[in-house]
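# Below is the structure, and that's it, no one-letter string:
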């Protein structure tokens, strides 16, 4: 019986079980097992042979030990303990999917634990993570001893709940209707008369800025900021911290001009106020998303809100002191073909100890590349679905240099 091949991308624990089964069926000795395992290595997994002496390569236990160090998961037990402790059934997750993941995490977190103890731990984790309170209470009373029994009881209870729904019948419904009194009829008549006579007025409502506002960190260090009597409030009515006024140089398209702006703590870098728009003759065409200044047209692009999580596409083993480009997926349904800025997770929520993730501009596709580096002197296993970082939208401005020309220059920032 020929053993399967191992390329370092599949689960080492599962592969070793298959290999041991083939070795038992063939009746191999330790030397024969070492030879067969060496010949079964493919792809990146063959790199480990460069780190072994001939004696270690021929020693089956030493060969398995080195492969376990690189591709195994025993050194990640504390990570799986944490994942199991915080594992709860998701809103769109079936009982079968939840049970399968609990079984996987328990075996990874307690690989050396006796089978009966592992079953009790799995049952408890399954009960603690159930989304439905009634199902959890019913299983607690049933006291299942195995995880498969807990799943079967949970499915039976859910089916019973579904069958009991919608069986209630309305036997009798009474409605008491009180007659309208004379006073109520008179009040209704007066109110209707007032509504008919009410004049509809048109109000000009605007939450835009009267003055142009710039954020303090955008202002040049040498710029002189003078006190001001202006007071600012946000669109919600809350006061905004204002530092003063200063002269700024604003460049839009081919137009450059000096303007007096307020310096205040705002979220955006700059807010163009009605003062500058009226003075410079801005024309905004919202239908065509065009800003016209002195005959020049600047096409505006609306910035999409929020950030998108970037998650690892598949389980990956990162060798020690090495750099890799991994495939990742964008969580959700982002538009394909957009340029986005990828930012790695902060230090507090880093991917793994000693794993560095690179920042990059990405073109959104079904799969995007993410560059990582393992700074450790040992391999690190990254699980599928781990959050590598976040993507945020990048605003683009397309400027027409000449209305008569077809050439368009694209500036991305």
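Cool, got the structure. Keep in mind that this is a model prediction, so the values were computed, not measured.
# from here on, contacts and neighbour counts on C-alpha atoms
Noted.
# Next one: residue 10 from residue 387, what distance?
Noted for residue 10: a distance of 20 Å to residue 387, by Cα to Cα, to the nearest Å.
# When these two are compared, which one has more neighbours?
Between residue 10 and residue 387, counted using other Cα atoms under 10 Å, the more crowded position is residue 387 (20 against 15).
# list the buried ones in stretch 227-243?
232, 242, 243 (16 or more other Cα atoms under 10 Å).
# ok, now stretch 378-385?
379, 380, 381, 382.
# Surely the first one is in contact with residue 319?
Yes - Residue 379 is in contact with residue 319 according to Cα atoms under 8 Å; the separation is 4.3 Å.
# tell me, what's touching those two both at once?
Taking Cα atoms under 8 Å, 6 or more residues apart in numbering as the criterion, residue 379 and residue 319 both touch residue 70.
# so who does residue 144 touch?
Contacts of residue 144 (Cα under 8 Å, 6+ apart): 123, 150.
# at 10 Å instead, please
Contacts for residue 144 (Cα atoms under 10 Å, 6 or more residues apart in numbering) come out as 119, 120, 123, 124, 150, 151, 152, 153.
# how about the nearest residue to residue 313, chain neighbours excluded?
The shortest distance from residue 313 to any residue other than its chain neighbours is 4.6 Å, reached at residue 328 (Cα to Cα, 6 or more residues apart in numbering).
# quick one: the one you found is in a strand?
Yes - under DSSP: H, G, I helix; E, B strand; the rest coil, residue 328 falls within a strand.
# So which residue is dead centre in this protein?
Closest to where the C-alpha atoms of the chain average out (Cα atoms, centre = their mean) is residue 309, at 2.3 Å.
# Rounded mean pLDDT for the helix or strand hosting that residue, please.
Using DSSP states H and E, the element containing residue 309 is strand 307-312. Average pLDDT, strand 307-312: 84.
# Adjacent strands (with direction) for the helix or strand just after it?
Note on strand 307-312: by DSSP H and E, the next helix or strand toward the C-terminus is strand 316-318. As defined by DSSP bridges, the strand partners of strand 316-318 come to strand 380-382 (antiparallel).
# what's near enough to touch residue 119?
103, 106, 107, 113, 125, 144, 145, 146, 147, 148.
# ok, now residue 161?
134, 135, 155.
# quick one: what helix or strand has it in it?
Assigned by DSSP H and E, residue 161 belongs to helix 147-164.
# try residue 55
helix 54-58.
# Next, the buried residues of that helix.
In helix 54-58, counting by 16+ other Cα under 10 Å, buried: 56, 57, 58.
# What average pLDDT does it get?
88.
# One more: stretch 120-136?
91.
# ok, residue 63 - how many residues close by?
For residue 63, using other Cα under 10 Å, the count is 19.
# which residues touch it?
34, 37, 38, 48, 49, 52, 55, 56, 57.
# Please report how far it lies from residue 79.
The spacing between residue 63 and residue 79, counted by Cα to Cα, is 25 Å.
# Same check on residue 4?
Distance, residue 4 to residue 79, by Cα to Cα: 29 Å.
# Also residue 125?
Distance from residue 125 to residue 79, counting by Cα to Cα: 16 Å.
# now do residue 156
With Cα to Cα as the criterion, residue 156 and residue 79 are 33 Å apart.
# swap in residue 385?
If you measure residue 385 against residue 79 using Cα to Cα, the figure is 14 Å.
# same question, residue 124
Residue 124 is 19 Å from residue 79, by Cα to Cα.
# okay, these two: which has more neighbours?
Neighbours per residue (other Cα under 10 Å) separate residue 124 from residue 79, with residue 124 holding more: 19 against 14.
# residues in contact with that one?
With the criterion set at Cα under 10 Å, 6+ apart, residue 124 makes contact with 102, 118, 140, 143, 144, 145, 146, 147, 150.
# To what extent is the last one buried, counted in neighbours?
This means residue 150. Residue 150 has 23 nearby residues by other Cα under 10 Å.
# Thought residue 143 was touching it, still the case?
Yes - contact criterion Cα atoms under 10 Å: residue 150 and residue 143 qualify, at 8.2 Å.
# between the two, what contacts are shared?
The contact sets of residue 150 and residue 143 overlap at 123, 124 (Cα under 10 Å, 6+ apart).
# Doesn't residue 64 lie inside a helix?
Yes - checked against three-state DSSP, residue 64 lies within a helix.
# how far away is it from residue 48?
Remark: distance between residue 64 and residue 48 (Cα to Cα) = 11 Å.
# Now the common contact residues for those two.
With Cα under 10 Å, 6+ apart as the test, residue 64 and residue 48 both reach residue 57.
# List the buried residues in the helix or strand containing residue 137.
In this structure, residue 137 sits in helix 133-142 according to DSSP H and E. Neighbour counts using 16+ other Cα under 10 Å place 135, 136, 139 of helix 133-142 among the buried residues.
# Distance from that helix to the middle of the chain?
33 Å (Cα atoms, centre = their mean, to the nearest Å).
# again, but for stretch 9-29
37 Å.
# Same question for stretch 244-254.
Taking mean C-alpha positions (Cα atoms, centre = their mean), stretch 244-254 and its chain are 37 Å apart.
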